[in-house]
Every structure is written in C-alpha cells, then in structure tokens.
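**Student:** Test case, fold it:
(2 chains)
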Amino acid sequence: MIDLKALREDPDRYREGARKKRISVDIDRILVLDERRRAIQHQQDEIRAEQRRLEKEAGPRIGGLMGKLKAAQGEEKARLETEVAELRAKPAALKEKIQALEAEGAEANAALSEVLLTVPQPPDSEVPVGASAEDNIEVRRWNPPHFDPARSFSEQRGFEARSHEELIKALGIVDFERGVKVAGSRSYMLVGDGMRLHNAVLRYAFDFITEKHGFTPVSVPVVVREECMIGTGFFPAGKDQTYLVDEQSRGSAHDLYLTGTGEVGLMARHMEEILDESMLPLKLATVSPCFRREAGAAGRDTAGLYRIHQFDKVEQVVICRADEAESKQWHKAMIGIVEELLQSLELPYRLLQCCTGDLGPKNADMIDIECWMPSRGALDGQGRASGEYGETHSASRLYDFQCRRLNLRYKGESTGGKPVFCHSLNNTVAASPRILIPILEMYQRADGTVEVPRALRPYMGGREVIGG
RNA sequence: GGAGAGGUGGCGGAGUGGUUGAACGCGCCGGUCUCGAAAACCGGUAUGCCCUUCGGGGCAUCGGGGGUUCGAAUCCCCCCCUCUCCGCCA
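**Tutor:** You can find the predicted model right below:
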C-alpha cells in the first residue's frame, strides 16, 4: 500500500513509478475519487455536527414538553404536540441527508481502496529502468576454485555435463511420471537419495540462517486468509498465480489460499500489531512448502525440476525500523548470508540488479541471485547446452509498502512514541528442489554419480556420493 | 458436525438508552520526594480522517453491517471472529 497523502502531494512520482514497472494504474482516477470522498466526508461531518447540536438542545426540551403534554388539554395540547413534532422533524431530516451521503461516500471509498491496492511501490531511483528480466544488470560473480562458467564444463572437468534430468533418471532419485500421475503437469516425487538430498539442503539452510545467523525459527501456515495475501502485497496482482481453496462453496465464510512463499506467513504473523521499538529488528526464518500455479508459463521450462507447482523453501524475513539506511543495510546483510551459503556449497553464482520492469508491485529494489546451471542455455551443434545462470534466490527491499498493507507498526523513542509503519525485507535462503539442479549438475562425476557437497554431508549421514 | 460462552482503549476489566471516547487497575510518559533509585503521591497518556489564521476545531471509531430512537457501547436483525464442552481425527 502506498501512502495516499504522498500520492496526493506528488502524483507524478507514482505515475512514473508505475510506468517504470510497466504496470498500468489510473492515478488520475485515484485523485478524483479521493477528492470526491473528502468532499462527501466534509459535508457529512458538518451535517452531523449540526445534528448533534440540535439533539442536545432538543432532547431536554422534548422531555419538558412531554411532561406538560400530559397535563394539557384542547388547544394547548394540540399546540404542544405540534411543537414536539417540529423538534423531532429537524434531526430526522438531517439524518436522511447523512444517510444519502453515507451511501455515496461508501461507494467512493470502496472504489478508492480497490484502485489504491493496485498502485505499485515506486522503484528506487537507482534501480535501472528496463522492460523485463532481460534488462537486469549483473552486479558481480563468484566462482569456486577450479571452475569458471566462462569456460566450458568439459574443458574444465574432462567430460560432457549431463543435465540434472539425465542424472536424476540414471540415479532414479526423482519420479516425474508418477508425480504427474498423482498431481498433473509440473509435478514430481523425490525418491531415495533425491529426497535425502532435498532434506539435507533444507536442513542445512535452516540451521545456517537460524543457528549461524540468529534468525528466529518459526513455522508458518501455508493455507491462509485473503487478508494475508493482500497485506503482503501478493494480491490483487498475483491472484492467478495462487491456488484457491474454495471453502465458500461449502458454506464457509472465507476462501483460503495456498501461499507461494513462507514470507506470507512470517509477515502476516505481525499484521495489525504495534511492536515496541526494542523488539526490532525482527529476524525471522521459516521452512515451508510453496505453491505456485505458474499461470502464463505454459510451455516454459516444462521439463525437470526448474519450474514446478510445489517446492520447499527456507525463507528469511527482516522487519526493521522505518529507516532507509537501516533497511538498505539489512538488504545487503541478507544477500551476504546467501552468498556465504552458496560459497559454502561451492556453487558458482552471480548477483543481478533487477531492473524496474522485473520488480513486481511491492518492491522498491530487488537483487536476484542466480546459480550456474550447466544444462540450461542455448544448444550447440551437437545439441549440448552451453550452460546458463538460473534464478535461485530473490532479495526484496520494500520500505513500508508491505507493513502499511499489513498495518504493522512500531513505536519507541525514535518515533516520539507514535506508531510508525515498519520496513520489511525478504530473501530466499534456499529453495529446493530447484537448488538441486546446480548441485547435481556441478557435483556430477564422469561416471554419472554425484558427489555430496561437503557442507551437506553431515545431513546425509556422512555420505560422500550419490549413486555408484 | 452438535451444544454453549464471549468479542470494549497498549493490556486486564467495568459499563444494559442521555456530555461515556468510555469507570477502575496495569503499563507507559512527566513531576514531587531522594545523593541516586525503588516505593509513595500528583498529573498526563487511543486511533483514523478532514479543516486550520498552527492556538486549535470538527467528524468517526466499544468485532463488522443494517435497523429502532430526538439520542445507542447499551435495544432489535444479519454477518464475522475467538474460546469451552461433546463427537470425529494426525
């Protein structure tokens, strides 16, 4: 949610922000609706004030007259009755006016809040302007010793890389056929060492973020109410990317939605709260299943573990004071944690500064982290992939956009005791099975077996190899 | 699924038709006392929107919506949510 007052004062900033994000939103309509709403409210307030004045003087008079009326007779009685009726009529007339205005105001309000929810957070000025992920800008790369994605896999390793799909098939560690039988396209079932490796990564990542970096472990509901989806900024824009649990047709009051990330539960946990400044920053981490419909992605990345409907993810979230420098610092820190994790897994990666067109409605700034995946990218003459970076992490900085929607505030000395919306940030720690792609492909050996990364061995019962 | 109880300010908890935006307690802030602190005592302490000559003023808000009434936290209707017991169940 953006600040309506700020929009009123500087509508161009929001026009420009939406334009840069390639999101269409009618700012003028908001200004008109806002103007109308305020005019109506103003009228309503004045009439109400008048009504209250009347009611204060008319009440006791009516009481007095009613007393006299009991004793009165004939003309006197008729006169008193008329007077009482007059006294009663005035506020009644005002009430009708108020009700008419109320209806009008409610309409304007509803229309306004609906459009307001679609106004994206303007991107930070330093975010490069661009149309889509194509225009994202590489910030830096990191390579483990003995491997550089700039040179071919075979040159460096002495054999041709197999894709994770080939490796999986040979090792029998993912059952796509039966996954599809059970749950439809983009479904899978991890089996044996596939499931073990998946769990190992998640447990490693979870311990990494909670034990090593002090984030508080929390579990999250993954079936949530709509307020949580709106509050965290995923709705209305992402509604068709989300699975709907239709409970209304069964007589329940509300439908529920499957979350696409643990971020929803972690953030929504604190909605409608006023935190004491001393509690901040809140550093939270969870591991949860994530569900994504992948609507509009038909035909893209259909094979393998890259784009699937359900996966598990360790997620980190920070809720901090409304301080630009502080939240920027947390953004860096959260990215640093992921870099440390990927380096410990010795996976080549790069950081991308996402351009405005790739940000999504809620972000002011976003850094993607991509791991090197030998099986992706353009094919050569022999049908061999050249390898390509593939997105595995995404670090978002949102200022108070999300907390405004969630009505998540804090107060303390620095706010002068007044409640102020918090800032929030989120970043992947590890999402699996997607992260298994670079792990399997980078750790494969000439004989088709896969070495277990050193960091994961404690989580694999000390095993060093999968297969063979 | 069946039966019942309840939703009031940051929290606890009064309040069943008339200056009640709301007693009282806790918490918090300021002051007195003290070398300092605690205790005690005194005072203050909701949010949102709008207007403002920046002193302040107006309106709304007691789960949500509608109704009765000159007037509703209080009465009536509908809805939502939470809790307890029973049933089922990992």
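**Student:** Look at residue A:79 and give its secondary structure.
**Tutor:** helix (DSSP: H, G, I helix; E, B strand; the rest coil).
**Student:** quick one: the residue in the stretch 251-400 of chain A positioned nearest to RNA strand B from residue A:271, how far?
**Tutor:** In the stretch 251-400 of chain A, the residue that lies nearest RNA strand B is residue A:253 (3.4 Å; Cβ to the nearest atom of the strand). To be clear about C-beta, it is placed using only N, CA and C from the backbone, and glycine gets the same treatment. Distance of residue A:253 to residue A:271, computed by Cβ to Cβ, to the nearest Å: 18 Å.
**Student:** who's more crowded, these two?
**Tutor:** Applying other Cβ atoms under 10 Å to residue A:253 and residue A:271 shows that residue A:271 carries more neighbours, namely 16 against 7.
**Student:** which residue packs closest to that one, ignoring adjacent ones?
**Tutor:** residue A:406 (3.9 Å; Cβ to Cβ, 6 or more residues apart in numbering).
**Student:** In contact with the one you found, which residues?
**Tutor:** Contacts here follow Cβ atoms under 8 Å, 6 or more residues apart in numbering; on that basis residue A:406 touches A:231, A:232, A:267, A:268, A:270, A:271, A:272.
**Student:** count of neighbours near the first one?
**Tutor:** Meaning residue A:231. Neighbour tally, residue A:231, other Cβ under 10 Å: 25.
**Student:** Would you mind giving both backbone torsions of the closest residue to it other than its chain neighbours?
**Tutor:** Excluding the flanking residues, the one nearest residue A:231 by Cβ to Cβ, 6+ apart is residue A:406, at 4.0 Å. Per-residue torsions, residue A:406: phi -80, psi -10 (degrees, to the nearest 10).
**Student:** residue contacts, residue A:410?
**Tutor:** A:274, A:275, A:276, A:277, A:279, A:280, A:321, A:322, A:419, A:420, A:422.
**Student:** Only whichever of the residues you listed are buried, select them in PyMOL.
**Tutor:** Selection of buried members from the contacts of residue A:410 for PyMOL, criterion 16 or more other Cβ atoms under 10 Å:
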select buried, chain A and resi 275+280+321+322+420+422
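**Student:** Need the contacts of residue A:410 in TSV (columns: secondary structure, pLDDT and distance to RNA strand B).
**Tutor:** Putting the contacts of residue A:410 into TSV (DSSP: H, G, I helix; E, B strand; the rest coil; pLDDT from 0 to 100; distance: Cβ to the nearest atom of the strand, whole Å) gives the following:
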residue	secondary structure	pLDDT	distance to RNA strand B
A:274	strand	81	6
A:275	strand	83	10
A:276	strand	80	9
A:277	helix	83	12
A:279	helix	83	13
A:280	coil	86	16
A:321	coil	90	17
A:322	coil	90	13
A:419	coil	82	6
A:420	strand	85	9
A:422	coil	90	14
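**Student:** Let me have the contacts of residue A:410 in TSV, extended by distance to residue A:357.
**Tutor:** Below are the contacts of residue A:410 laid out as TSV (distance: Cβ to Cβ, whole Å):
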residue	distance to residue A:357
A:274	36
A:275	34
A:276	39
A:277	36
A:279	36
A:280	32
A:321	30
A:322	27
A:419	34
A:420	31
A:422	27
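**Student:** what residues does the stretch 151-300 of chain A put near RNA strand B?
**Tutor:** A:252, A:253, A:254, A:274 (Cβ under 7 Å from any atom of the strand).
**Student:** residues contacting the third one?
**Tutor:** With contact taken as Cβ under 8 Å, 6+ apart, residue A:254 is in contact with A:225, A:226, A:247, A:248.
**Student:** Please confirm that residue A:329 is located within a helix.
**Tutor:** Yes - per three-state DSSP, residue A:329 lies within a helix segment.
**Student:** ok, so what distance separates it from residue A:335?
**Tutor:** Counting by Cβ to Cβ - residue A:329 and residue A:335 are separated by 11 Å.
**Student:** Give me the more crowded residue out of the two.
**Tutor:** residue A:335 (18 against 13).
**Student:** helix, strand or coil for the more buried one?
**Tutor:** Quick answer, by three-state DSSP: residue A:335 is helix.
**Student:** Let me see the confidence value for it.
**Tutor:** pLDDT for residue A:335: 98.
**Student:** ok, and the closest non-adjacent residue to it?
**Tutor:** residue A:395 is the one closest to residue A:335 (Cβ to Cβ, 6+ apart), at 5.0 Å.
**Student:** neighbours around the one you found, how many?
**Tutor:** For residue A:395, using other Cβ under 10 Å, the count is 25.
**Student:** need the contact list for it.
**Tutor:** Counted by Cβ under 8 Å, 6+ apart, residue A:395 has contacts A:331, A:334, A:335, A:338, A:366, A:367, A:368, A:369, A:425, A:426, A:427, A:428.
**Student:** Quick check: it is in a strand.
**Tutor:** Yes - looking at residue A:395 with three-state DSSP, it is inside a strand.
**Student:** what pairs with it across the strands?
**Tutor:** residue A:367, residue A:427 (DSSP bridges).
**Student:** by contact count, what packs against the host helix or strand of residue A:95?
**Tutor:** For residue A:95, the host element (DSSP states H and E) is helix A:74-116. Counting contacts by 3 or more Cβ pairs under 8 Å, 6 or more residues apart in numbering; DSSP states H and E, helix A:74-116 packs against helix A:27-71.
**Student:** Count the neighbours of residue A:29 for me.
**Tutor:** Neighbours of residue A:29 (other Cβ under 10 Å): 12.
**Student:** Just give the nearest non-adjacent residue to it, would you?
**Tutor:** residue A:115 (6.0 Å).
**Student:** My guess is the one you found contacts residue A:26. True?
**Tutor:** Yes - Residue A:115 sits in contact with residue A:26 when judged by Cβ atoms under 8 Å, with a separation of 6.6 Å.
**Student:** returning to what we had before: so of the contacts of residue A:406, which ones are in helices?
**Tutor:** Among these, the members found in helices (DSSP state H) are A:231, A:267, A:268.
**Student:** pLDDT for those - can I get that in TSV?
**Tutor:** Shown next, in TSV, are the ones in helices among the contacts of residue A:406 (pLDDT from 0 to 100):
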residue	pLDDT
A:231	90
A:267	93
A:268	90
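**Student:** ok, so of those residues, who is nearest residue A:287?
**Tutor:** Comparing the ones in helices among the contacts of residue A:406 against residue A:287 with Cβ to Cβ places residue A:267 closest, at 15.8 Å.
**Student:** quick one, what contacts that closest one?
**Tutor:** Contacts of residue A:267 (Cβ under 8 Å, 6+ apart): A:231, A:232, A:317, A:319, A:402, A:406, A:408, A:424, A:426.
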